[in-house]
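S.K.: The sequence and its predicted three-dimensional model are supplied below.
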Amino acid sequence: MRFSKLFGKTSREAPAEAESASHQLLLRAGMIAQIAAGIYSYLPSGWRVLRKIENIIREEMDKAGGQELMLPVLQPFELWQQSGRYVSFGQTMFTVTDRKEHKLALGPTHEEVIADLAHRYVQSYRDLPLLVYQIQTKFRDEPRPRGGLLRVREFIMKDLYSFDVDEAALDENYRKMSQAYQNIYARCGLPTSIVEADSGAIGGKESHEFMVIAETGEDEMVFCPHCGYSANVEKAQISKAIKKDVIASEAKQPLPLEEIATPEQKTIEEVADFLGVPPEQTLKAVFYIADGKLIFVVIRGDLEVNETKLRNTLKCTELRLATEDEVQQTGIVVGFASPIGIKGTKVIADDSITMGSNFITGANRQGYHFKNANYPRDFQVDITADIALAHHGDSCPKCDSNLSSTRGIEVGHIFKLGTFISEKLGASFLDQDGVSRPAVMGCYGIGLGRLLAAIVEQSHDDKGIIWPLSVAPYQVYLCLLHLDSPEVASAAEKVYQELEDAGIEVLFDDRDESPGVKFNDADLLGIPLRLTLSPRTLQNQSIEAKWRTEKETQLLPLENVSAKVNKLLREKLAR
RNA sequence: CGGGGUGUGGCGCAACGGCUAGCGCGCAUGGUUUGGGACCAUGAGGUCGGAGGUUCAAAUCCUCUCACCCCGACCA
């Protein structure tokens, strides 16, 4: 490709709206262009990168036994009613109405469509296992697109669906996919961590995310440097045992409940300070509105509520903090709320209330708290579950060491769905005994654009992008200096031709620009190998080679240059 | 949805009631240059996001509205 003909210009300054490194660099390099919030065009050089990523993914999916197919974007809304998932997806779904007033969804994902297909074409256990995938556009009306390609409303995704006879077979495919994903990231030069995850609107029981550690990431994950436990904070567990040095063991014997005056002491910190006890010995009350109903949440004072876990426990779709008014309307005294004697309100407790004793809690009376509250002696709850939020420094649930936390970009998510979708859509098969059973499903997704952006996020410098050779838009940047010298120009043309003929992907900078402009563009575009031909190098019948990642240059003889370049590229790929 | 911010040639910005809306980058033409974003000359390109209002006069003030960005909520 000749740079002079390449559609899309590089620019010195990034558009004002871009903040993250990948957003700025991809725009400046002329690889993407925004048309609306979370909606982007890929220009030729950006599209080349995307297609390379796509091919890597396709190869790994095929290798793992996947069959590629193509499912429709337009999906009858009835399918979503059938699965019931139109509720959990809610406003995230884009819908259109056809001329017959029939409602269609622009597919945010394809479990329904694929399960419907399985319903028709899978009849026997002999048809299983089945792994099918596609690479195509998804539509999601995200409340807030952000960070360029990091979160968008229209995006290309690889989604693979597995159908199995039972859980054990699903586990096997799940392992296989997990390995395929690791191969993909490795080939893209992207270090990732696999973490336990919440399955969100997709549903299902077990899921893992592949995370690229990056400050610009939207997700927070915790990990244990000691035993390797790692999880998205939405999912992460912590050990809630109270450390011995915090509360002496003699204080653990249940004591009689006692009301004490605590004027003006409302928050956990105030009450704990006022009474001289650690927050671990208090109970915190938090109020939520879940699908329109007030929920009383009790959790030990040193912990915080994890809303994702709470949502899962309640199996609700809408969840938000209650306002002070909404709480007061039920007769609860804000600041002195108590699970003791509560009536008519659903009470959800974190299991931390079973770890500890003689708690301080509100007395549901202005200016008073109870001392020595003990569960279940003094109060009852409707549900006890783990609904605590993990933090940096909390104890690891597996080995009790201190957990660390970091932000990350989710570049892949795999789910064990189980049978809830296949049951609803009738994707069942006859087993060896002639018994009809729902297929056990798994689904596995990678957002290609986000993967591309994540590569840029973790592989760039102040000059521009540093593409790994495997996904670079071009392998070689051929830089011609001194267009005005006919000898150099014709030598460059020859080299360009020779490289192209050898099947090397080369971007030939034949523009009439100064050397600085060309070198800077080469760096901005992030092309791995730069070749420079100038009167200086031609004098020695040679061409200068420089890797994007290195400072040093080397001279290559012009004779049979494509073979030498090929060798350099092969060596680089092998590393 | 809550909070904050921004809308002026393709991009980055200035002008903040008053003459023909400026500057840099980019673009076009000609010339001089050429190893890390060269220079000179000439030129093209703008209904100042939109609607309404105030005023002798609005890019500038007011009201409404739309779009985009950031933080949060939310979110595979």
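M.R.: That came through, no problem. Numbers count the residues shown, from 1 in each chain, chains lettered A, B, ... in the order given.

S.K.: Lowest mean pLDDT among the helices and strands, pick that one out for chain A.
M.R.: Within chain A, no helix or strand scores below helix A:324-329, which has a mean of 81 by mean pLDDT, DSSP states H and E.

S.K.: by contact count, what packs against the one helix or strand A:Asn364 maps to?
M.R.: According to DSSP states H and E, A:Asn364 maps onto strand A:359-365. Packing partners of strand A:359-365 (3 or more CB pairs under 8 Å, 6 or more residues apart in numbering; DSSP states H and E): helix A:268-275, strand A:283-290, strand A:368-373. From N, CA and C alone the C-beta is placed, and that goes for glycine too.

S.K.: per-stretch mean pLDDT over those, give me the minimum one.
M.R.: Per-stretch mean pLDDT for those is lowest at helix A:268-275 (a mean of 84).

S.K.: That helix packs against which elements?
M.R.: Other elements packing on helix A:268-275 under the criterion 3+ CB pairs under 8 Å, 6+ apart are strand A:359-365, strand A:368-373.

S.K.: re the thing from before, which one of the helices and strands packed on strand A:359-365 lies closest to RNA strand B?
M.R.: Ranking the helices and strands packed on strand A:359-365 by proximity to RNA strand B (CB to the nearest atom of the strand) places strand A:283-290 first, at 9.4 Å.

S.K.: Just want the residue of the stretch 451-575 of chain A that's nearest RNA strand B.
M.R.: Residue of the stretch 451-575 of chain A nearest RNA strand B, by CB to the nearest atom of the strand: A:Gly516 (2.4 Å).

S.K.: so where does that residue fall, helix or strand?
M.R.: Per DSSP H and E, A:Gly516 falls inside helix A:515-525.

S.K.: And for that helix, what's in contact with it?
M.R.: With contact meaning CB atoms under 8 Å, 6 or more residues apart in numbering, helix A:515-525 is reached by A:3, A:10, A:25, A:28-29, A:45, A:463-465, A:473-474, A:477, A:479, A:481, A:507, A:509, A:511, A:530, A:548.

S.K.: buried set for that helix?
M.R.: Under the neighbour-count criterion of 16 or more other CB atoms under 10 Å, helix A:515-525 has A:Lys518, A:Phe519, A:Asn520, A:Asp521, A:Ala522, A:Asp523, A:Leu524, A:Leu525 buried.

S.K.: Show me which of those residues is closest to A:Ile414.
M.R.: Closest approach between the buried residues of helix A:515-525 and A:Ile414, by CB to CB: A:Leu525, at 32.9 Å.

S.K.: any idea how far that closest one lies from A:Glu505?
M.R.: For A:Leu525, the distance to A:Glu505 equals 13 Å [CB to CB, to the nearest Å].

S.K.: swap in A:His391?
M.R.: Computed as CB to CB, the A:His391 to A:Glu505 distance reads 47 Å.

S.K.: give me the low-pLDDT residue ranges for chain A?
M.R.: A:201, A:203, A:245, A:247-251 (pLDDT under 70).

S.K.: Domain parsing of it, as residue ranges.
M.R.: Listed by automatic domain parsing, the domain ranges of chain A are A:17-236+A:405-457, A:249-385, A:474-574.

S.K.: The first one and RNA strand B, any residue contact?
M.R.: Yes: remark: domain A:17-236+A:405-457 sits within contact range of RNA strand B at A:17, A:19-20, A:23, A:28, A:34, A:36-38, A:88-89, A:92, A:108-109, A:138, A:140, A:142-147, A:151, A:157, A:159, A:199-202, A:209, A:218-219, A:410, A:413, A:445, by CB under 7 Å from any atom of the strand.

S.K.: now these: which count as buried?
M.R.: Buried, going by 16+ other CB under 10 Å: A:20, A:23, A:28, A:34, A:38, A:89, A:108-109, A:138, A:140, A:142, A:145, A:147, A:151, A:157, A:159, A:199, A:202, A:209, A:219, A:410, A:413, A:445, out of these.

S.K.: mind listing which of these are in helices?
M.R.: Of these, the ones assigned to helices by DSSP state H are A:His23, A:Arg28, A:Phe89.

S.K.: Make TSV out of these and add distance to A:Tyr121.
M.R.: Output for those, formatted as TSV (distance: CB to CB, whole Å):
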residue	distance to A:Tyr121
A:His23	42
A:Arg28	48
A:Phe89	26
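
S.K.: max-length strand in chain A?
M.R.: strand A:404-418 (DSSP state E).

S.K.: got the CA coordinates for the helix or strand following that one in CSV?
M.R.: The helix or strand immediately downstream of strand A:404-418 is helix A:420-425, counting by DSSP H and E. Listed next in CSV are the C-alpha coordinates belonging to helix A:420-425 (Å, rounded to 0.1, in the frame of the first residue of the first chain):
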residue,chain,number,x,y,z
PHE,A,420,-32.2,-22.4,31.6
ILE,A,421,-32.2,-21.2,28.0
SER,A,422,-32.3,-24.5,26.3
GLU,A,423,-35.3,-25.4,28.5
LYS,A,424,-37.2,-22.3,27.5
LEU,A,425,-36.4,-22.5,23.8
